[in-house]
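Participant: pasting the structure only:
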């Protein structure tokens, strides 16, 4: 196998977030592999937890399907060879070293099997401090490196790094529950014991096209219910009976954290009524209204796709591609609402995977086409200020997208999407 060395710098620095978007803050590496399930490239997930005054824990998760397993000399088994090295800095320029260390992961398995591998390490950081953690993974068998830079916020603001969510012993790496029951564990540094949980089953709207005005800020809505709860030995067994859950200390509603639950079948859509909703992006108002009101929803949906595809085979391929994109959007872009309803989700569903992605922690630029080509289209996304919701990005909207958008939608309506 030809030796190759690839260095990918994934800057996940959570700097001062701003709705004012500047491209010079976006790293010039190409991250187009990030939202492509077909590319077996190491893409670690991380969860930071401040468990004590002088140290914190970084949990990480790898997918074994992204790792190369090779046969060990003199052994019939195959094994991965992954090295992890971390360095903690006191400054975002990564010049003042605080702590460092390394781990080696020797995992036995087979190529092509997707299994979640979780591990963790403890690093030194005092309460009240900020830090920047550089984490490098190296797959020796692939001769492949990934470097991630994470901002560590231990300033006592009860952000999401002071809480961790567990399903049994499995750590959840975002604010979305994968089950209707989980354990919320708070840090020893959080003195509050009594909290308030607000819940809602509100169905959030799908986002409008990129040329249209953004939705008003949806998180300001009336709760359906609320109840107090207490942590016992820093743990609380939480039942996610509602889609939207937010909790905070009883005396400080500004220190809010979130949990979202979309059902155990998520990110798939299984019900016919669920499959109808995303057609709004490529249907006319009349078509969508008729689909929602159909006496036989399945027959109505089949007729809709047959009309677009012109024949049965093409319609099946069109439908398959569309709902695969919906599932990918749900997998990668879900925040407080399903991924296909979000700003990044609508672009992914209609345009597909970007040709090029430039990003850092709070900004992404998606390019469709070639660099510096006037026929290419570019979309910019940013994380808004003071929203303690992981994976929430908003689009920089512009009326100039209108013609390009309708051309792309028209390709769907002509059944011409590859």
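Facilitator: Here it is on my side, so go on. The structure presented is a predicted model; accordingly, all values stated were derived computationally and were not measured. Numbers count the residues shown, from 1 in each chain.
Participant: list the buried residues of the longest helix along the chain.
Facilitator: Scanning the chain for the longest helix, with DSSP state H as the assignment, gives helix 312-333. Using 16 or more other C-beta atoms under 10 Å as the test for burial, helix 312-333 gives 315, 318-319, 322-323, 325-330, 332-333. (Glycine included, C-beta is placed from N, CA and C.)
Participant: do stretch 137-147 as well
Facilitator: Those buried within stretch 137-147 under the rule 16+ other C-beta under 10 Å are 137-139, 141-142, 144-146.
Participant: in TSV: those, plus distance to residue 377, secondary structure and pLDDT.
Facilitator: What follows is these, written out as TSV (distance: C-beta to C-beta, whole Å; DSSP: H, G, I helix; E, B strand; the rest coil; pLDDT from 0 to 100):
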residue	distance to residue 377	secondary structure	pLDDT
137	33	strand	91
138	36	strand	90
139	34	strand	89
141	38	coil	86
142	33	coil	86
144	31	strand	82
145	32	strand	82
146	29	strand	80
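Participant: quick revisit: pLDDT of the longest helix of the chain, averaged?
Facilitator: Helix 312-333 shows a mean pLDDT of 95 in the predicted model.
Participant: next secondary structure element downstream of that helix?
Facilitator: Toward the C-terminus, helix 312-333 is succeeded by helix 343-351 as the next helix or strand (DSSP states H and E).
Participant: next, the angle from that following helix to helix 312-333.
Facilitator: Using axes from the mean of the first three to the mean of the last three C-alpha atoms, to 10 degrees, the inter-axis angle of helix 343-351 relative to helix 312-333 is 160 degrees.
Participant: ok now helix 343-351, how far from the chain's centre?
Facilitator: Once both centres are worked out by C-alpha atoms, centre = their mean, to the nearest Å, helix 343-351 turns out to sit 14 Å from its chain's centre.
Participant: helices or strands up against it?
Facilitator: Secondary-structure packing of helix 343-351 (3 or more C-beta pairs under 8 Å, 6 or more residues apart in numbering; DSSP states H and E): helix 312-333, strand 363-368, strand 377-382, strand 394-395, helix 402-413.
Participant: doesn't residue 99 fall inside a strand?
Facilitator: Yes: following the definition DSSP: H, G, I helix; E, B strand; the rest coil, residue 99 is counted among the residues of a strand.
Participant: show me the beta-bridge partners of it.
Facilitator: Each beta-bridge partner of residue 99 is listed here, defined by DSSP bridges: residue 88.
Participant: and for it, the neighbour number?
Facilitator: As a burial measure, the neighbour count of residue 99 was computed by other C-beta atoms under 10 Å and equals 16.
Participant: quick check: closest non-adjacent residue to residue 173.
Facilitator: Taking C-beta to C-beta, 6 or more residues apart in numbering, and ignoring the residues beside it in sequence, residue 173 has residue 45 as its nearest neighbour in space, at 4.1 Å.
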